[in-house]
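**Student:** next comes the sequence, and after it the predicted model I'd like to discuss.
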Amino acid sequence: MKILVTGGAGFIGSNFIYHELAQHNDNIICLDLLTYAGNLSTLKDALKDDRLQFVKGDIADRKFIYNLFEQEKPDIVVNFAAESHVDRSIETPEIFLQTNIIGTSVLMDACRKYGIKRYHQVSTDEVYGDLPLDRPDLFFTEETPLHTSSPYSSSKASADLLVQSYHRTFNLPVTISRCSNNYGPYHFPEKLIPLMIINALADKKLPVYGTGENVRDWLYVEDHCRAIDLIIRNGKVGEIYNVGGHNEKTNLDVVKTVLQELGKSEDLIEFVADRLGHDRRYAIDPAKIHNELGWLPETSFTVGIKKTVKWYLNNKDWWQQIVNGSYKDYYTKMYAHK
Ligand SMILES: NC(=O)c1ccc[n+]([C@@H]2O[C@H](COP(=O)([O-])OP(=O)(O)OC[C@H]3O[C@@H](n4cnc5c(N)ncnc54)[C@H](O)[C@@H]3O)[C@@H](O)[C@H]2O)c1
């Protein structure tokens, strides 16, 4: 089988490629625009495997995407490609609409034109908005109404609606997964956990929004990859699957755990002005994927955070190249003469 993985040079997409190469014998094409968030050096080891091919391009570029589908005829598309950082969506919403909505529609049009066994949309629990902090009994199910807060989550919710409409109108064989916050290796240093690890290592202040009481439901990235793998192979066409690990933590607790793992003082914590429209609590009910596909998270937060901190300690080159900007040279070095 041939799987087209879009956004495969980003955090979750790259972890998914490593997962698929290890678990199956499929051919994979990674398509990525290599925006600031894409880092080809993340795939350095994976690219030693002949089953993986890298193509640089934009999912919203119709001509390019149609050419790629005509040449490669993928059996499955897994769409990770997105602008994914909420703070950036507050600064510049347009690019989020372009990639997350238009890009998704172009990919699905290509699937209709050239035929596909499955189109899978990687979505987020942020499409459900947030839950109150004083109602720990409430969880997002697949039936929870969409109720977005940021341009990022609005663009992801719009894409989800488009995906469902392509199933209903054109009978496109789609699935959607909506996952909670991921953490683990290859997470871009602007996101909460890697930012805190890197700042703490340099004894820099750790900026925490508001009072740090916002709650996120953390899932180790490998568990998310296993869930997507199960959905594309065994999931029911037309269905949405929520993915989450019942690992709710306040942002402040996460930051304190990171400091503890690194043996650093909590004096490094600095409370900063809250994010606009900051969602209070996300919490996923993953009963459907458990009951239908047998999925359960395998890595607890206690184990996952230890593994993650260790990974950042052992892979300083990877994140230092991002912090100093030189990660952008990797593609030119590898592909300049190809
Ligand atoms: N990170 C999380 O906690 C989380 C949780 C749930 C869902 N998601 C979703 O999972 C997906 C992947 O998230 P991530 O954290 O790995 O994001 P990321 O920002 O690390 O990676 C996104 C990748 O997409 C690429 N890209 C961006 N625009 C593109 C375009 N127009 N054409 C081709 N490639 C493009 C980037 O270069 C990058 O490699 C996103 O759709 C996100 O909404 C993320």
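**Tutor:** Now that the structure is in, tell me what you want to look at.

**Student:** got the contact list for whichever residue of the chain sits closest to the ligand?
**Tutor:** Here the chain gets closest to the ligand at one residue, G10, 2.0 Å apart by Cβ to the nearest ligand atom. Heads up, the C-betas are built off the backbone N, CA and C, glycines and all. Contacts for G10 (Cβ atoms under 8 Å, 6 or more residues apart in numbering) come out as 32, 37-39, 80-81, 84, 188.

**Student:** same thing but 10 Å
**Tutor:** 16, 32-35, 37-39, 42, 80-82, 84, 186-188 (Cβ atoms under 10 Å, 6 or more residues apart in numbering).

**Student:** among those, which two are most distant?
**Tutor:** The distance between the two most remote of those (Cβ to Cβ) is 18.9 Å, for L33 and H187.

**Student:** per-residue confidence at E270?
**Tutor:** Residue-level confidence at E270 comes out at 95, pLDDT.

**Student:** one step back: between L33 and H187, which is the more surrounded one?
**Tutor:** H187 (23 against 19; other Cβ atoms under 10 Å).

**Student:** give me the three-state assignment for that one.
**Tutor:** Here H187 is recorded as coil under DSSP: H, G, I helix; E, B strand; the rest coil.

**Student:** that one and G304, how far apart?
**Tutor:** 12 Å (Cβ to Cβ, to the nearest Å).

**Student:** what touches both of these two?
**Tutor:** Joint contacts of H187 and G304 (Cβ under 10 Å, 6+ apart) are 193, 221.

**Student:** buried sites along the helix or strand bottoming out on mean pLDDT in the chain?
**Tutor:** Across the helices and strands of the chain, the lowest-confidence element by mean pLDDT, DSSP states H and E is helix 329-335, at a mean of 80. By neighbour count on 16 or more other Cβ atoms under 10 Å, the buried set for helix 329-335 is 330-331.

**Student:** list the buried residues in the helix ranked longest in the chain.
**Tutor:** As assigned by DSSP state H, the longest helix anywhere in the chain is helix 151-170. For helix 151-170, burial by neighbour count (16+ other Cβ under 10 Å) applies to 151-160, 162-164, 166-167.

**Student:** what about the helices in the stretch 151-300 of the chain?
**Tutor:** 151-170, 192-201, 221-234, 251-262, 287-293 (DSSP state H, counting those that start in this stretch).

**Student:** right, and those helices - which one's nearest P93?
**Tutor:** helix 151-170 (3.7 Å).

**Student:** helices or strands up against the closest one?
**Tutor:** Under the contact criterion of 3 or more Cβ pairs under 10 Å, 6 or more residues apart in numbering; DSSP states H and E, helix 151-170 touches helix 86-91, helix 93-96, helix 104-114, strand 118-124, strand 174-179, strand 240-243.

**Student:** contacting residues around the closest residue to Y312 other than its chain neighbours?
**Tutor:** Excluding its sequence neighbours, the residue lying closest to Y312 (Cβ to Cβ, 6 or more residues apart in numbering) is I197, at 4.7 Å. Going by Cβ under 10 Å, 6+ apart, I197 touches 187, 189, 206, 258-259, 261-262, 264, 305, 308-309, 311-313, 319.

**Student:** which ChimeraX command selects the buried ones in the contacts of G10?
**Tutor:** Here is the ChimeraX command that selects the buried residues among those (16+ other Cβ under 10 Å):
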select :16,32,33,34,35,37,38,39,42,80,81,82,84,186,187,188
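
**Student:** tell me which entries of the contacts of G10 lie within helices.
**Tutor:** Short answer: the contacts of G10 in helices (DSSP H) are F16.

**Student:** so which of the contacts of G10 are also by the ligand?
**Tutor:** Subset of the contacts of G10 in contact with the ligand: 32-35, 37-38, 80-82, 84, 188, counting by Cβ under 6 Å from any ligand atom.

**Student:** which parts of the stretch 1-150 of the chain are strands?
**Tutor:** For the stretch 1-150 of the chain, the strands defined by DSSP state E, counting those that start in this stretch occupy 2-6, 27-32, 52-56, 76-79, 118-124.

**Student:** which pair in the buried residues of helix 151-170 spans the largest distance?
**Tutor:** Going by Cβ to Cβ, the pair spanning those furthest: P151 and H167, at 25.1 Å.

**Student:** picking up where we left off before, just the pLDDT for the residue nearest to Y312.
**Tutor:** 97.

**Student:** the chain against the ligand: which residues are in contact?
**Tutor:** Checking the chain against the ligand by Cβ under 6 Å from any ligand atom, the hits are 6-7, 9-13, 32-35, 37-38, 58-60, 80-84, 99, 103, 122, 124, 156, 179, 181-182, 188.

**Student:** thinking again about what came up before, got JSON lines for the strands of the stretch 1-150 of the chain, with mean pLDDT too?
**Tutor:** Output for the strands of the stretch 1-150 of the chain, formatted as JSON lines (pLDDT from 0 to 100):
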{"stretch": "strand 2-6", "mean pLDDT": "99"}
{"stretch": "strand 27-32", "mean pLDDT": "98"}
{"stretch": "strand 52-56", "mean pLDDT": "98"}
{"stretch": "strand 76-79", "mean pLDDT": "98"}
{"stretch": "strand 118-124", "mean pLDDT": "98"}
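
**Student:** do I have it right that N315 meets P189?
**Tutor:** No: counting by Cβ atoms under 10 Å, N315 stays clear of P189, with 11.7 Å between them.

**Student:** great, nothing more from me.
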